[in-house]
Structure formats: structure tokens, C-alpha cells
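Visitor: Just a sequence and a predicted model for now, questions to come.
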Amino acid sequence: MKSLTLGLNFFGGHDTSICAIFEDDVYALSEERITRIKHDAVFPLDALYEMLRYKAIDPEAIEKLCVGVATKAFEKRIFNEYAYEMTMTLRDLLKGDAPELYIKDFVQKKAALQQQGKLSQLAFFAKSKAGRNYLKMQFLGKKRTLHEIIREKLQTIFPNAQTEITFHEHHLTHAYATYYASGFDHTLVFTFDGEGDGCFSKLYEVKEGLFHELGSSENRYVENMKQYEFADNGYTSVGNVYSIFTHLLGYTPNADEGKVEALAAFGNHHNRLYDALVKSVTVDETSLSMQIDTEVLNAIFAEENLKVLFDELSKEDIAAAVQKSTEEIVLRYLQTVKQRYPLERIALAGGVTANVIMNLRIFETLFDEVFIVPAMGDDGISQGAAAMEHLQRHPEQKATFRFPMMPYYGSAYTREEVEQVLKESGLSYRYLGEEAPLKAAEMIVEGKIGARFDGRCEFGPRALGNRSIIADVRNKEIQKLINKEIKKRPLFQPFCPSMLAEERERLFEKAYDNKHMTIAFRLKEEFKDQIPGAVHVDLTARVQFVSEEDNPGYYALIQKVRELTGFGVIINTSFNKHGRTMVLTPQHAVRDFIDTNLDFMIIEGFYVKRSS
């Protein structure tokens with residue numbers, strides 16, 4: 001191989017990632033899957049090295065390197081040339097003697113350190129060799145633009161390559177990722193996130209690979225929101241409002257918005273917060289943009305008003321107001337769009353489109369076909385940037401290029417690699433080969449909770465069967481059991497089902513063949529007591545419909561469950577201990593199996609059972 005096309009989310013506050021497009025394959029990986037720090041923002045060098053290892057690429061043999069980077073505004077941003085090394089050193093220092101460092105711990109410890117006086121900070125760093133090295137890098141490191149730093153890092157990895165680096169507009173990279181994964185030819189594309197290149201949303205009409213921008217919604221500055229650094233220091237949006245309330249409700253912003261979405265189902269949105277939030281955004285029919293009303297938001301986020309609000313309303317009702325207002329704002333906007341552009345398809349991307357109930361409302365109300373790219377957040381902008389670079393060099397493919405429908409874009413591991421790890425672990429195991437899915441099905445039906453590790457890992461936040469915890473949906477206590485004993489997260493959070501595609505019409509009121517757990521559907525009421533583990537309190541389920549061609553081994557497992565129970569449905573949640581990211585490697589799988597209360601694990605044909 002002499003040339004390589006890369007897409008990078010190299011910096012952006014969260015979810016850095018890489019994506020490479022080859023003649024017959026796509027590889028994509030988030031940095032968090034290596035570091036196991038959720039939503040990691042560090043430069044994705046480990047992910048890049050893992051791609052080179054898995055694809056057996058000699059970086060010294062690369063002569064031409066074509067790199068697309070999101071986001072355009074970051075190109076000239078100034079950093080210390082040792083920014084990456086300083087971050088990794090600081091993590092080690094803050095971890096101390098702890099076995100690992102979780103993102104929440106890192107954020108809290110870093111903030112506490114920054115609040116200390118300058119002398120106290122110097123004393124902290126000066127007491128260790130690593131700390132003194134940190135100070136040396138901090139004071140002696142030269143200032144570089146992000147463009148220069150990326151070039152220097154890549155030159156070190158690919159010493160013989162002629163490197164071309166292009167920074168691409170944030171929302172356009174989102175749009176390319178979802179359009180070229182959707183399989184749609186002619187469609188609307190709607191991007192929706194917190195902020196990117198000054199905007200929180202863009203709208204496109206795309207036909208045969210030609211993108212036409214129809215509308216753009218800009219972030220606006222709100223004085224009373226400037227204290228929230230994680231939400232762009234006051235340059236606000238619908239998504240940033242959601243993240244701030246995630247924080248105010250006691251959860252981690254830019255990570256736990258799904259908890260607020262789940263909590264909302266227990267609340268009543270008919271309150272003054274909902275009324276104010278709905279008024280905070282108007283739709284400009286001429287420019288097809290959402291306009292932020294800064295006065296309304298300034299009033300909502302005044303400190304005295306927030307205190308009264310949280311005294312007056314329950315957490316559930318606040319969550320319901322935030323969730324429902326987000327839905328209504330988006331529906332009002334897209335209704336206006338559809339009056340001008342009456343298409344029946346829409347493809348979505350951006351962090352806010354991880355909201356599966358909002359996506360359900362869009363499907364039920366406005367569009368016959370809705371596609372959400374599996375890596376809808378900022379991890380996915382590397383995918384879009386890679387597509388842009390690829391198509392700049394192959395314009396003849398603009399109408400025909402497509403990403404594989406199933407996002408199994410990451411690394412896989414051989415039987416030999418897995419067995420070596422199992423031998424070293426001391427766990428009891430045996431090889432079952434093609435019988436492993438059937439054994440897993442039998443264990444699930446017996447009431448056991450297990451994990452499945454098979455093939456290439458998923459790209460994006462959802463486990464789609466290859467790095468999944470699996471269980472029986474018929475047990476009405478299963479959600480509480482997994483939340484309490486294994487995932488160790490709030491008991492109100494639901495788990496999502498994987499089910500055979502042929503079960504769709506039998507079990508759901510209205511649904512389409514969504515393969516990626518990116519939208520919820522409403523379960524028919526007569527089944528709520530038969531498969532209670534598959535449904536939330538509001539009778540919705542964020543489902544993955546599985547066909548044999550998508551994942552033969554996973555399909556066989558669920559098919560066996562159907563033979564044994566009458567329902568081709570299982571619980572599927574990401575394989576990880578609470579606080580860690582979804583497992584990537586066999587080493588991760590063994591560690592998280594040991595550290596949780598899972599009963600068994602199926603890993604590349606091996607059956608591993610927990611000792612008594």
C-alpha cells in the first residue's frame with residue numbers, strides 16, 4: 001500500500017476518532033475504545049496505531065497521505081506543541097495509585113487542581129519526576145497551530161509520506177457521514193448538535209451525491225450561560241440547553257443526556273419551564289433557520305430563577321420539560337422545512353440526534369423513512385471527513401460510494417489471540433465453535449446474564465451484538481438486576497432489545513427495519529407483560545432489528561431464543577463495566593467479565609463460565 005486516505009476528529013472537546021477508507025474496506029475507531037476514558041478528547045494517536053496494526057500497514061511504506069480533519073474553526077487554534085504528552089502525563093499524575101481513571105474523576109481532579117493557587121500547583125508538579133517533566137513541557141513547549149501539530153504528529157508516524165491536510169466544515173462532515181451510510185439517493189439531511197463552526201444545525205438537500213445547503217442555525221451568546229464551559233461558554237443552542245440541564249440534574253454533560261431522556265418518561269412536561277423553553281427558539285421560514293431568543297434563555301438561566309425552578313419542580317418534571325421542548329422545537333422546524341421541500345426521506349446526524357424519542361417523533365409525524373448514522377456524535381465526523389477526502393480524489397464515485405450498512409468498522413481478533421488471553425487469565429473455558437451462539441441462547445433462557453464478543457467491533461455508541469451484554473427479556477426484574485449488579489447505573493434507565501427482523505410487524509405498532517438502535521418504536525400493549533425487559537415505562541423500545549446477512553452468528557443466537565421461548569428478542573447493552581467504555585480487545589473483555597457479575601461469556605467461539 002502506497003497511499004492512505006484518513007479522516008480525523010483530532011480535537012474538539014470530546015469523542016476524537018479516526019476513519020480510513022480502503023479500496024474494499026472501511027476502518028473506524030474512537031480513541032476512547034483504546035484509552036477506555038468515555039468520550040475521550042485526546043488526540044487519536046492510539047486509534048491510528050491500532051488501525052495500522054489491524055490492517056498490517058507499514059507506515060514507512062506510505063508515500064501519499066490524504067487527510068481530512070473536522071472542524072474548520074480549529075485549523076488555526078493555538079496549542080502547546082506538547083499538548084498530547086502533557087494531557088497523558090497529567091492523567092497519570094491525577095490517577096495516582098488508583099487502578100484506573102474514569103472521565104468524571106479526571107474532570108473533577110483537574111478542576112480541583114486548577115482552583116488551587118499557583119504555588120500549590122507548582123508544588124504538586126514539582127514533587128515527582130513526571131510532574132517536573134510536565135512543567136518543562138508547559139514552559140518550554142512552543143506554540144503551534146493545530147494544523148502544524150497534526151502535520152508533525154503524522155510526519156513522525158509516516159516519515160516518508162507526502163501529506164495533504166484539509167480542514168472541513170463541521171456540519172458538512174456530519175452530513176457526508178449520514179448520507180453515505182444511509183443508502184438514500186435523494187434525501188434531506190439534517191445535522192443537529194451543540195456547536196460546530198458557529199452553528200448548531202444545518203439542513204441540506206442531497207441528490208446523487210450533490211449537496212445543496214438549504215438552511216443554517218447559528219449559536220447565540222447568552223450571558224447567564226457563559227459559566228458552562230462544557231456548553232461553549234454561553235454560545236448556546238438547543239443541544240447545549242439540554243446538556244446544561246443534564247449537568248444541573250446531577251449528571252455528566254456531553255455524556256449522560258440519555259439518562260435525562262430516560263428520566264423524562266417518569267415526569268410531566270406541562271410546566272412553566274417547558275413553556276419558556278419552547279418560546280426560546282423560533283423558526284425563520286425564509287432562511288429555514290432556528291433562531292435563539294437570548295432574552296428568554298437569559299431569564300431561564302438567571303441564578304435566582306434556577307433555584308426557584310428546582311425548588312418548585314421535581315427532577316422528573318424538569319427532565320420531561322427539557323425533553324419535550326426539544327422534540328417540539330425540532331418538529332416545528334422540520335414541519336416548516338417539509339412544506340418547502342416535500343421529500344419523504346431524511347438522514348440525521350449530530351449529537352442531539354442520539355435522542356431516540358425525538359427521532360421517533362420525527363418518524364411518526366413527518367417522514368416515511370428516517371436514517372440516523374450509527375456514529376451520530378462527533379466520533380462520526382471523522383467518517384464524514386474521510387468520505388470527503390475520498391470523493392475529492394474519486395469524484396466519479398459521488399453518486400455510488402456507500403459505507404457498509406453495518407458499522408462493524410473496528411478491530412477483530414483471531415481464535416489464537418483470544419485463547420492466549422484466556423490462558424493467561426486463569427478462567428475456565430472451552431471451545432464450542434459454531435455451537436457457541438446456541439449455548440449462549442440456552443444460558444439466557446435459563447435466566448443467566450452473559451456477554452458476546454465476536455468479530456469486528458462497532459463504530460459509534462451502540463453495541464450491535466459484537467461487544468454486547470445479553471439477557472432474557474421475559475424477566476420483569478432483569479432491567480433492575482443488570483442496572484444494579486452489572487452496569488451499576490440508575491435503576492430507571494431502560495435496556496434495549498435486539499430482535500429478529502421478522503418480529504417487527506408482530507410486536508410494534510409502527511416501525512421500520514432500523515438496524516442500529518438509533519430510534520425508538522412503540523411496542524404493542526399486549527406484549528408489555530410478556531417481554532417486559534425490552535420496553536421502557538412509556539412502552540417505547542430502542543430496538544436493533546437483526547437479519548441473518550447483517551450478523552449470522554448473532555442472528556443464530558436470537559433465532560435459538562425464539563425456538564425456546566416463542567420470542568426472537570433479547571436484551572442487548574454494551575459490554576463494559578460501569579465507567580469504562582465498551583470493550584475493544586480480548587484483554588478488555590476478560591477484565592470486564594471478571595469485574596462484573598456476568599454469568600458467562602461467549603468470545604470468538606469460546607465459552608467462558610464464571611466459577612461458583
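Guide: On my side now, so go ahead.
Visitor: Let me see the ranges of the helices in the stretch 301-450 of the chain.
Guide: In the stretch 301-450 of the chain, helices defined by DSSP state H, counting those that start in this stretch lie at 303-312, 315-340, 356-365, 381-393, 415-425, 436-445, listed in chain order.
Visitor: Save those as TSV, and put in distance to Ala181 too.
Guide: (Each C-beta comes from the backbone N, C-alpha and C, glycine too.) Below are the helices of the stretch 301-450 of the chain laid out as TSV (distance: least, C-beta to C-beta, whole Å):
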stretch	distance to Ala181
helix 303-312	39
helix 315-340	20
helix 356-365	15
helix 381-393	8
helix 415-425	29
helix 436-445	27
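Visitor: for those, which one ends up most surrounded?
Guide: Of these, the one with the most neighbours on average (mean count of other C-beta atoms under 10 Å) is helix 381-393, at a mean of 27.
Visitor: chain center to that one: distance?
Guide: 19 Å (C-alpha atoms, centre = their mean, to the nearest Å).
Visitor: And that helix, what does it pack against?
Guide: strand 3-9, strand 17-21, strand 26-30, strand 64-70, strand 162-168, helix 170-182 (3 or more C-beta pairs under 8 Å, 6 or more residues apart in numbering; DSSP states H and E).
Visitor: Okay, strands next: where are they in the stretch 501-612 of the chain?
Guide: All strands of the stretch 501-612 of the chain, identified by DSSP state E, counting those that start in this stretch, fall at 520-522, 540-542, 544-546, 569-574, 600-603, 606-609.
Visitor: Would you format the helices of the stretch 301-450 of the chain as TSV with mean pLDDT included?
Guide: Shown next, in TSV, are the helices of the stretch 301-450 of the chain (pLDDT from 0 to 100):
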stretch	mean pLDDT
helix 303-312	96
helix 315-340	98
helix 356-365	98
helix 381-393	97
helix 415-425	97
helix 436-445	97
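Visitor: residue contacts, Ala387?
Guide: Ala387 makes contact with 7, 21, 176-177, 180, 401, 403 under the criterion C-beta atoms under 8 Å, 6 or more residues apart in numbering.
Visitor: ok, those vs Glu257, which is closest?
Guide: Of all the contacts of Ala387, Glu257 sits closest to Ala177, with 19.8 Å by C-beta to C-beta.
Visitor: Met86 reaches Met137, doesn't it?
Guide: Yes: applying C-beta atoms under 8 Å as the test, Met86 and Met137 come out as touching, 5.3 Å apart.
Visitor: how close does Ile381 get to Val69?
Guide: 9 Å (C-beta to C-beta, to the nearest Å).
Visitor: what's the overlap in contacts for the two?
Guide: 7, 9.
Visitor: about what we covered before: show me the common contact partners of Met86 and Met137, please.
Guide: Contacts common to Met86 and Met137, judged by C-beta under 8 Å, 6+ apart, are Asn80.
Visitor: This protein - how does it break down into domains?
Guide: Domain assignment for the chain, taken from automatic domain parsing, gives 3-70+72-80+144-168+390-397, 83-141, 171-373, 415-609.
Visitor: Now find how far off-centre the shortest one is within its chain.
Guide: For domain 83-141, the separation from the chain centroid amounts to 27 Å (computed by C-alpha atoms, centre = their mean).
Visitor: what's the average pLDDT for it?
Guide: For domain 83-141, mean pLDDT rounds to 90.
Visitor: Quick check: which ranges of this structure have low pLDDT?
Guide: Within the chain, the ranges that satisfy pLDDT under 70 run 612.
Visitor: what helix or strand is the residue located most distally from the centre of the chain on?
Guide: Distance from the C-alpha centroid of the chain peaks at Leu119, with 39.2 Å (C-alpha atoms, centre = their mean). Element membership for Leu119 (DSSP states H and E) is helix 118-126.
Visitor: For that helix, buried residues please.
Guide: For helix 118-126, a neighbour-count test (16 or more other C-beta atoms under 10 Å) marks 124-125 as buried.
Visitor: residue ranges of the strands in the stretch 351-500 of the chain, please?
Guide: 369-372, 429-431, 450-453, 467-472, 496-500.
Visitor: Extract the C-alpha trace of the first one and format it as CSV.
Guide: Just to be clear, that refers to strand 369-372. Extracted C-alpha coordinates of strand 369-372, given in CSV (Å, rounded to 0.1, in the frame of the first residue of the first chain):
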residue,chain,number,x,y,z
GLU,A,369,-38.0,6.9,6.1
VAL,A,370,-35.6,8.2,8.8
PHE,A,371,-31.9,7.2,8.9
ILE,A,372,-29.6,8.1,11.7
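Visitor: Residues touching that strand, excluding its own?
Guide: With C-beta under 8 Å, 6+ apart as the test, strand 369-372 has contacts from 178, 181-184, 187, 344-349, 353, 359, 362-363, 512, 516, 518-519.
Visitor: Could you spell out the sheet neighbours of it, each with its direction?
Guide: Strand pairing for strand 369-372, determined by DSSP bridges: strand 345-349 (parallel).
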